[in-house]
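Asks: how would this look folded up:
(4 chains)
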There are 2 protein chains.
Amino acid sequence: MAPKTAPDASRRSERSRRAIFDAALALVGEVGYTRLTVEGIAARAGVGKQTIYRWWPSKAAVLLDAFTDGVDDYGAGLPDTGDLEADLKHVLRATADEFNDPAFQAPYRALAAAGAGDEELSRTYVSRLLEPGIAVYVNRLRAAQEAGQMDPDADPRIAAELLLSPFSQRWLMRTGELTHAYTDTLVDLVMRAVRPPE
Amino acid sequence: MAPKTAPDASRRSERSRRAIFDAALALVGEVGYTRLTVEGIAARAGVGKQTIYRWWPSKAAVLLDAFTDGVDDYGAGLPDTGDLEADLKHVLRATADEFNDPAFQAPYRALAAAGAGDEELSRTYVSRLLEPGIAVYVNRLRAAQEAGQMDPDADPRIAAELLLSPFSQRWLMRTGELTHAYTDTLVDLVMRAVRPPE
DNA sequence: CCATGAAGACGATACGTCTCGCCTCATGCG
DNA sequence: CGCATGAGGCGAGACGTATCGTCTTCATGG
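Replies: You can find the predicted model right below:
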């Protein structure tokens, strides 16, 4: 028995693909993730439901693709002026601004929530969105270690999590505001934790 | 217009209440949160659907009550042997064991995910589960400050988050194992961050 | 000319409301 | 005191709606 003939990607309609992404992002912002439906996306995008089900297994997958389609470029990584503390403060402030942007919030929060609840989806979420975001910090910290600005015995990965997790947790659970004062405090604490021994 | 007569709590069936909690916790472990249904809980508990809808607005609310009904006692707080580092390591190891328990995982993860996605629910989740858990650490850190074992200028609340967020984030997104070695490393890092200046 | 696309019919679930009798109380009358 | 009465929660499940994911039809365009 044939394993369900795969669709021919070369014949795929780019127009429909974009329309589906636009509709998904617009709708999740308007009605939230739980009331986001595949039927709603199809209607808004002006495509048949089958066109969505042909290419994606779930609304979460559509949203993940729609979201990464716009953001999937983490560029050249963090700036490296030679001053670790200043670089971290600068970038974390910018990240806070981004997370405070409503257009960014709705889909990202929806994906984080769906990822927390669904083990399969979480793998994709983690590898496509979470890990690349952490990796740029890990790289910057490694550079700092080589420059002698950070304890060579500290694990850059764990240090990056020490900095980013309180930030994301606070945002995800809405337990506090992401102000520049807060992110600066976070950087100060982490700097004390990973400072090289004298 | 009358505001929808509230049910009479004094006539409530304790038997049904317990049966609903048991059914909800069992089912969320068997089929997961998304496939958990109010109909399923009612059937398993041997109660009518209306009995659930009379007392709770959603399956999330049922699960939250079911979960806190068993766990809502945070006792006397953290141990205080006078050695902050040892106390934190001890408790965080125990917490890791708890979070590695499958019976604990399913409902707690479901609630965290639902809380992340739903603003209204997140308030209840945060105040009923998250905040009390953080508060006991904050109290212990305050005691340490008074004992001169922690920088008096550090904010105990932010320090507690610095310790707990990487832990919960790692668990929630399944980005790594919660081993004793990991929790000890976390405590070491946080201790360096909040150590009193000499 | 044939796979993809738009449209929507279709059966299956689960939703949340509702309507039944049934049972258990508190109240009040004989 | 003792038994009728009535209010209200309870188990059960029918009901209409919404959305699911599949399937069918016809048109289109590469």
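Asks: what about the helices in chain A?
Replies: Using DSSP state H, the helices of chain A run over residues A:14-31, A:38-45, A:49-55, A:59-71, A:84-99, A:102-117, A:119-125, A:131-146, A:156-172, A:180-194.
Asks: Let me see the mean pLDDT of the second one.
Replies: Confidence over helix A:38-45 (mean pLDDT, whole number) is 94.
Asks: Is there contact, residue-wise, from that helix to DNA strand D?
Replies: Yes: contact of helix A:38-45 with DNA strand D (Cβ under 7 Å from any atom of the strand) involves A:Val38, A:Glu39, A:Gly40. In short, each C-beta sits where N, CA and C put it, glycine included.
Asks: I'd assumed A:Arg54 was in contact with the first one.
Replies: No: shown here, A:Val38 and A:Arg54 do not form a contact pair, counting by Cβ atoms under 8 Å, at 11.8 Å.
Asks: who has more neighbours, those two?
Replies: A:Val38 (16 against 12; other Cβ atoms under 10 Å in any protein chain shown).
Asks: For the more buried one, give its distance to A:Ala61.
Replies: From A:Val38 over to A:Ala61 the distance is 10 Å, taken as Cβ to Cβ, to the nearest Å.
Asks: what stretches of chain A score poorly on pLDDT?
Replies: Applying pLDDT under 70 to chain A flags residues A:1-6, A:72-76.
Asks: distance of the residue most central in space within it from DNA strand D?
Replies: When Cα atoms, centre = their mean is applied to chain A, the residue found nearest the centroid is A:Leu129 (3.8 Å). Using Cβ to the nearest atom of the strand, to the nearest Å, A:Leu129 is found at 22 Å from DNA strand D.
Asks: Could you do A:Leu172 as well?
Replies: Shown here: A:Leu172 relative to DNA strand D, a distance of 23 Å by Cβ to the nearest atom of the strand.
Asks: Find the nearest non-adjacent residue to that residue, please.
Replies: Closest residue to A:Leu172 apart from its sequence neighbours, by Cβ to Cβ, 6 or more residues apart in numbering or on different chains: B:Ala116 at 5.1 Å.
Asks: how many neighbours does the one you found have?
Replies: Neighbours of B:Ala116 (other Cβ under 10 Å): 26.
Asks: can you list the domains in chain A?
Replies: A:13-70, A:74-194 (automatic domain parsing).
Asks: can I get these in CSV with distance to DNA strand C?
Replies: Below are the domains of chain A laid out as CSV (distance: least, Cβ to the nearest atom of the strand, whole Å):
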stretch, distance to DNA strand C
domain A:13-70, 3
domain A:74-194, 15
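Asks: What residues does chain A have near DNA strand D?
Replies: Within chain A, the positions near DNA strand D by Cβ under 7 Å from any atom of the strand are A:Arg11, A:Arg35, A:Thr37, A:Val38, A:Glu39, A:Gly40, A:Gly48, A:Lys49, A:Gln50, A:Tyr53, A:Ser58, A:Lys59.
Asks: ok, the fifth one - how many residues close by?
Replies: Read it as A:Glu39. A:Glu39 has 10 neighbours, counted by other Cβ under 10 Å.
Asks: who's in contact with it?
Replies: A:Glu39 makes contact with A:Lys49, according to Cβ atoms under 8 Å, 6 or more residues apart in numbering or on different chains.
Asks: which ones are touching the residue nearest to A:Leu172?
Replies: By Cβ under 8 Å, 6+ apart, the contact set of B:Ala116 is A:Arg109, A:Ala112, A:Ala113, A:Ala116, A:Leu172, A:Met173, B:Ser122.
Asks: Right, I'll leave it there.
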